[in-house]
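[1] quick check, what structure comes out for this input:
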Amino acid sequence: MKARSFPSIACLLTAIALSSTPDPATAGDSCDRLAARMIRATGASLAGREASLTVFRAEDADRMSLDCRAPTRMAFGARDQAPAGAFFVLIGLAAEGLVGTKAGKVEALARTLHRDARLTGVPQAGQAGNAALRCETSGQGLADTLGLGGPAPDLTRCMLTRHRRTILRRRAGLFDGAQLG
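    Now for the predicted structure:
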């Protein structure tokens, strides 16, 4: 019996790595499907798309965008430190479409995080089901990241993504209440 040489194993590993690299066209199709799902879930319209970033027009937010790079995330922005209630409803609807968590749970979380961020002046983060959310209220440094142009003394920003801990716990065979260790 003849032993395999290292070059053939290296070639095999290279072939596996190349075959598992996502095809940019496939990744674009996946992002298109996700953008369409967000449009259906929120009622927003498509404003533009470049590479992995999709920007939406939404009546209830001054800025709503989807970044399909891993981890997939959505950004919501409002020019007000105290946006209308529909802003939080929009975040909940997007969460239901993006990660499958009930809209009402994420809406309530967004309202709580926003309130706490306004009271403390510090960004607040939390999770509801599979949704992880971070909200902040401030004009310092946020205007440029949201593309609103110029200084914005009052601004609210929330970032929505999938809560990773839930996935890791499920893969480890743990239920939500279990503790590691």
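[2] any idea how far residue 93 is from residue 123?
    22 Å (Cβ to Cβ, to the nearest Å). Where you see a C-beta, it was placed from the backbone N, CA and C, and this is true even at glycine.
[3] these two: which is more packed in?
    residue 93 (21 against 16; other Cβ atoms under 10 Å).
[4] who's in contact with the more buried one?
    Applying Cβ atoms under 8 Å, 6 or more residues apart in numbering to residue 93 gives the contacts 41-43, 103.
[5] kindly recompute the last result at 7 Å.
    Remark: with contacts taken as Cβ atoms under 7 Å, 6 or more residues apart in numbering, residue 93 is in contact with 41-42, 103.
[6] what residues of the helix or strand containing it count as buried?
    Using DSSP states H and E, residue 93 sits within helix 85-99. Taking 16 or more other Cβ atoms under 10 Å as the neighbour-count basis, helix 85-99 is seen to contain the buried residues 87-99.
[7] may I have stretch 67-75 as PDB, with CA atoms only?
    Below are the C-alpha coordinates for stretch 67-75, written out as PDB (Å, rounded to 0.1, in the frame of the first residue of the first chain):
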ATOM      1  CA  ASP A  67     -25.200  45.300   4.700                       C
ATOM      2  CA  CYS A  68     -25.100  41.700   3.500                       C
ATOM      3  CA  ARG A  69     -21.500  41.100   4.500                       C
ATOM      4  CA  ALA A  70     -21.200  38.700   7.400                       C
ATOM      5  CA  PRO A  71     -22.600  39.300   9.900                       C
ATOM      6  CA  THR A  72     -25.600  40.600   8.000                       C
ATOM      7  CA  ARG A  73     -26.900  43.800   9.700                       C
ATOM      8  CA  MET A  74     -29.300  46.600   9.200                       C
ATOM      9  CA  ALA A  75     -28.800  50.300  10.200                       C
END
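[8] any idea of the mean pLDDT in that stretch?
    For stretch 67-75, the mean per-residue pLDDT is 94.
[9] and the strands in this structure, which stretches?
    Here the chain has its strands, by DSSP state E, at 45-50, 53-58, 61-67, 73-78, 124-128, 131-137, 156-162.
[10] now the ones you listed in a markdown table, with mean neighbour count?
    Listed next are those as a markdown table, based on neighbours: other Cβ atoms under 10 Å:
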| stretch | mean neighbour count |
| --- | --- |
| strand 45-50 | 12 |
| strand 53-58 | 18 |
| strand 61-67 | 21 |
| strand 73-78 | 23 |
| strand 124-128 | 18 |
| strand 131-137 | 24 |
| strand 156-162 | 23 |
